[in-house]
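[1] This is a predicted model, with the sequence first.
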Amino acid sequence: MLPGFPEAAPLQGLIGGVLIGVAAALMLLGAGRIAGVSGILARGAGIAEGSMARTSAWGFIIGLPLGALAIRLATDWEPPLFAGWPLLIVAGLLVGFGTRMGSGCTSGHGVCGVSRLSQRSIVATATFMAAGIATVFLMTLIGA
Amino acid sequence: MAHLRKLLPPIASGFLFGMGLTVSGMTDPQRVRGFLDLFGNWDPTLAFVMGGAVLVMAAAWRIQARMTKPVFGEKFALPDRTDLDPRLLAGAALFGIGWGIAGLCPGPAVASLVLTPVHALPFVAAMLAGMLLQKVTMERKVAS
C-alpha cells in the first residue's frame, strides 16, 4: 500500500523491477547484449539484421512467456482487461513501427539505456512516456 | 555443447524477464495505462518497476565496464550511437501513442501470449506487421 494511491502495488512493482533488472544484467554480462524486447523480437522474426544469432533471439522469446506462465501458475491471478481488437491492432501497428524507427522500447531504452545514462535512451524514454501520457489524457477527454 | 552454453543466457534472461513483468503487474494494461494517466487517477507502480530494474542494471553496467568479454560469449555487442536524430524522437513518439492506446509494450505483449492469447495475439501480429512496414518503408543501412 502506498498512502494516497490505493491501487498502487509498490512492493510487487519493485520485486518485479528487480527481476527485470537481473534478467537484463544476465543478458548483458552473460551474452554481451542489450535485453531489448523489440529488437530481439524483430531479430527472431527475421525482420532485423544483426549479429545476434537467431537461435539466441528465439531462446529469449520463448523464455519470456514461460516465465510469465510460471508466475501465473504460482500466484492468484485475475485476467486483466484489454482494449477491443480494433484498438489493439492500431496500437500494435504503432508500437511495432515506432519501436523499430526509434531503435528500442521500454526495455532497451527505458531500462538498459537509461541505466547506462545513454543520451539517446533518456531522450527516447522521456518522449515515449510523454506521448503515452498525452494519449491517455486525450482518450479520457473524448471518453474513449 | 558450445552452442548450448550460448543459449543459456538468453533463455534464462527471457524467463526472468517474463517473471518480472508478470509479478510487477506490467502484463495488466489497466495498470500501465494507470501510470500514464498522470492527470487522472495516477498509479505510480510502474515507477517502482523502472526504479528497481534501473538500479540493478546500473550496477551491471559498472561490472561490465571492468570485463573484457561476456561470460558466455566472445565480445560485447552494444549500441554505440550518441547522436540524437529525428527518427529516434518520431519513433519513440509513435511507440508512446500505441503504448498509451493499449497499455501494452513489446515485453508484456509477448508475455501475454500465454496468459491472455485472445488479446495478445492480434496485438503481437499487428506489432510484427508494424515492424515489417517500418523496414520496407524506411530501411537504411545502419551497422548494428
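    Yes, it's here.
[2] Alpha carbons of the lowest-mean-pLDDT helix or strand in chain B, as CSV, please.
    Every helix and strand of chain B was ranked by mean pLDDT, DSSP states H and E. The lowest is helix B:2-23, at a mean of 92. The C-alpha coordinates for helix B:2-23 follow below in CSV (Å, rounded to 0.1, in the frame of the first residue of the first chain):
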residue,chain,number,x,y,z
ALA,B,2,29.3,-24.7,-27.1
HIS,B,3,26.1,-23.9,-28.8
LEU,B,4,24.0,-24.8,-25.8
ARG,B,5,26.2,-22.7,-23.5
LYS,B,6,25.4,-19.7,-25.7
LEU,B,7,21.7,-20.3,-25.5
LEU,B,8,21.6,-20.3,-21.7
PRO,B,9,21.8,-16.6,-21.0
PRO,B,10,19.1,-15.6,-23.5
ILE,B,11,16.7,-18.3,-22.2
ALA,B,12,17.3,-17.5,-18.6
SER,B,13,17.1,-13.8,-19.3
GLY,B,14,13.8,-14.2,-21.1
PHE,B,15,12.4,-16.4,-18.3
LEU,B,16,13.3,-14.0,-15.5
PHE,B,17,12.1,-11.1,-17.7
GLY,B,18,8.7,-12.7,-18.1
MET,B,19,8.6,-13.4,-14.3
GLY,B,20,9.4,-9.8,-13.5
LEU,B,21,6.8,-8.4,-16.0
THR,B,22,4.1,-10.6,-14.5
VAL,B,23,5.0,-10.1,-10.8
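[3] Packing partners of it?
    Applying 3 or more Cβ pairs under 8 Å, 6 or more residues apart in numbering or on different chains; DSSP states H and E, one finds that helix B:2-23 makes contact with helix A:10-26, helix A:54-74, helix B:106-115. Just so you know, the C-beta spots here come from the backbone N, C-alpha and C atoms, and that holds for glycine as well.
[4] buried stuff in it?
    In terms of neighbour count (16 or more other Cβ atoms under 10 Å in any protein chain shown), helix B:2-23 has its buried residues at B:6-23.
[5] and the closest residue to B:K6 other than its chain neighbours, how many neighbours?
    Nearest non-adjacent residue to B:K6, counting by Cβ to Cβ, 6 or more residues apart in numbering or on different chains: B:F72, 5.8 Å away. Using other Cβ atoms under 10 Å in any protein chain shown, B:F72 has 18 other residues around it.
[6] List phi and psi for A:I142.
    When read as degrees, to the nearest 10, the backbone of A:I142 gives phi -90, psi 0.
[7] From A:V136, how far off is it?
    As defined by Cβ to Cβ, to the nearest Å, A:I142 lies at a distance of 11 Å from A:V136.
[8] Repeat that for B:V71.
    Using Cβ to Cβ, one gets 41 Å for the distance from B:V71 to A:V136.
[9] Which one of those two is surrounded by more residues?
    In terms of neighbours (other Cβ under 10 Å), A:V136 is the more surrounded of B:V71 and A:V136; the figures are 24 against 13.
[10] tell me which element the more buried one is part of?
    A:V136 is part of helix A:119-141, with elements assigned from DSSP states H and E.
[11] if I read this right, A:G39 contacts A:G50, doesn't it?
    Yes - in this structure, A:G39 is within contact of A:G50 by Cβ atoms under 8 Å, at 7.5 Å.
[12] Low-confidence regions, chain B specifically.
    For chain B, residues meeting the criterion pLDDT under 70 lie at B:1-2, B:140-144.
[13] centroid residue for it?
    In chain B, the centroid-proximal residue (Cα atoms, centre = their mean) is B:G107; its distance is 5.1 Å.
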